[in-house]
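Chemist: Sequence and predicted model, in that order:
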Amino acid sequence: MAWAASRTKNTFYNARFHRLAARRGKKRAAIAVAHSILKSVYHVLKDDVSYHELGAEYLNSRIEDKRKKYLKKELEKMGYTVQIEPIPV
């Protein structure tokens, strides 16, 4: 099931597989994706809710938010005040 999930387009499991495969190898990435699927199935069954696909960009957005928070904290340690605002396009 993990191999099939890794080949679907624009899904959380596809993005997770490719991120892990680049660092750990395809077999280990497949096992990690299988573990993620198993955890998702467990929570769907336990909580009696429907599955909600997070999408391929979910991991990127989480990492981006963590990085912003980290960099802001580092600048505040140096004595700067930081206000994060997007650049108008």
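Modeler: All right, it came through fine.

Chemist: For the helix or strand that contains residue 34, which outside residues touch it?
Modeler: Per DSSP states H and E: residue 34 is located in helix 26-47. Applying CB atoms under 8 Å, 6 or more residues apart in numbering, the set of residues contacting helix 26-47 from outside is 1-3, 5-6, 13, 16-18, 20-21, 24, 49-51. (Glycine included, C-beta is placed from N, CA and C.)

Chemist: pLDDT on that helix, on average?
Modeler: Taken as a whole, helix 26-47 carries a mean pLDDT of 96.

Chemist: next one: stretch 61-78
Modeler: If you average the pLDDT values across stretch 61-78, you get 92.

Chemist: Need the contact partners of it.
Modeler: Outside stretch 61-78, the residues within contact range by CB under 8 Å, 6+ apart are 82, 84.

Chemist: who touches the one residue sitting closest to the centre of the chain in this structure?
Modeler: Most central residue of the chain, judged by C-alpha distance to the mean C-alpha position with CA atoms, centre = their mean, is residue 59 at 2.4 Å. Residue 59 makes contacts with 12, 15-16, 19, as judged by CB under 8 Å, 6+ apart.

Chemist: Buried ones among the contacts of helix 26-47?
Modeler: Buried subset of the contacts of helix 26-47 (neighbour count, 16 or more other CB atoms under 10 Å): 2, 5-6, 13, 16-17, 20-21.

Chemist: Give the buried residues for the helix holding residue 34.
Modeler: With burial defined by 16+ other CB under 10 Å, the residues of helix 26-47 counted as buried are 29-30, 32-34, 36-37, 40.
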